[in-house]
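Trainee: My questions concern the predicted model and sequence given below.
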Amino acid sequence: MITRRCMLMMSAAAILPGGSRAQSLAPANDFPAPLAFRIVVLPGGSDAKDLVLMAVYGEGEDETKFVIDIRGPDDKQDGLDGKAEAGGPISFSRGSFRHVPGSRPTRFFGELAKAIAANAPSASNAKLDTLPFGMAFLGAARARLPGGGFGRGPGNWYPTKLFLGEEAAEVYFNFNLISGEAEFSMKDSDYGNTVLSELSKVIW
């Protein structure tokens, strides 16, 4: 008998890209540790190809929640803006963050600032119910390396990159639907302040 959880996982798998030429995303020694949080696949979505995730960080007085809506990939190409960073088929998509009432994100943003090297973190005055983003799936699902980052071997982690603020800032969003783990990881320290400001518009 197929459980409801299995059905959700099968539906989620249908939208995620495959491929065998995933690039290696090994961590640099001077990169800060990513900010880890939990995810749960939710039912729903405006299309059968959509993936809806409830993200949860911390607990009690420090619990922060937000929803991540991901649409099915639009297209693929062998590189991203002609850069060698891709190293395999790239699938582009779009999505949005959704506000969840009752969050207490003070600690979340404190830890996020460290993870993305935001040297002058400042929350936005704007308060939104939804925040759109562009998205690139960086090749196929792969295994996590012991020291962090991702190797070329197959696994359950999907490394992706998000484009925020009308593509003014970028941040890595990596997730594992099997273990229910996810993380934000720094793309470039120059983006840190903008990424934090953008996320604060919807996580409040």
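Mentor: Sure, I can see it.
Trainee: Could you list the residues in contact with stretch 158-169?
Mentor: Residues from elsewhere that reach stretch 158-169 (C-beta atoms under 8 Å, 6 or more residues apart in numbering): 16, 22, 25, 80, 131, 133-139, 141-142, 150, 170-177, 187, 191, 194-195, 197-199. For the C-beta atoms, the positions are set from N, CA and C on the backbone; glycine is no exception.
Trainee: Filter those residues down to the buried ones, ChimeraX style.
Mentor: In ChimeraX, a selection of the buried entries from the contacts of stretch 158-169 looks like this (16 or more other C-beta atoms under 10 Å):
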select :16,22,25,131,133,134,135,136,137,138,139,141,142,150,170,171,172,173,174,175,176,177,187,191,194,195,197,198,199
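Trainee: Give me the subset of the contacts of stretch 158-169 lying in helices.
Mentor: Among those, the members found in helices (DSSP state H) are Thr194, Val195, Ser197, Glu198, Leu199.
Trainee: Name the helix or strand of the chain that has the lowest mean pLDDT.
Mentor: helix 4-15 (a mean of 50; mean pLDDT, DSSP states H and E).
Trainee: Tell me which residue lies nearest the centroid of the protein.
Mentor: Residue closest to the mean C-alpha point of the chain, counted by C-alpha atoms, centre = their mean, is Phe173 at 2.5 Å.
Trainee: I'd like the ones in helices among the contacts of stretch 158-169 laid out as TSV, including distance to Ser122 and pLDDT.
Mentor: What follows is these, written out as TSV (distance: C-beta to C-beta, whole Å; pLDDT from 0 to 100):
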residue	distance to Ser122	pLDDT
Thr194	10	98
Val195	12	98
Ser197	6	98
Glu198	11	98
Leu199	12	98
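Trainee: Identify the farthest-apart pair in the residues you listed.
Mentor: Based on C-beta to C-beta, the longest span within the ones in helices among the contacts of stretch 158-169 runs between Thr194 and Leu199 and measures 9.7 Å.
Trainee: before we move on, the earlier item: now go through the contacts of stretch 158-169 and say which are in strands.
Mentor: 131, 133-138, 142, 150, 170-176 (DSSP state E).
Trainee: Any regions of this structure where pLDDT drops low?
Mentor: Within the chain, the stretches with pLDDT under 70 are 1-15, 17-29, 45-48, 75-88.
Trainee: 80 instead, please
Mentor: 1-30, 44-49, 73-89 (pLDDT under 80).
Trainee: hang on, the earlier thing: would you check that the residue nearest to the centre of the chain makes contact with Glu181?
Mentor: No - with contacts counted by C-beta atoms under 8 Å, Phe173 stays clear of Glu181, the gap being 11.8 Å.
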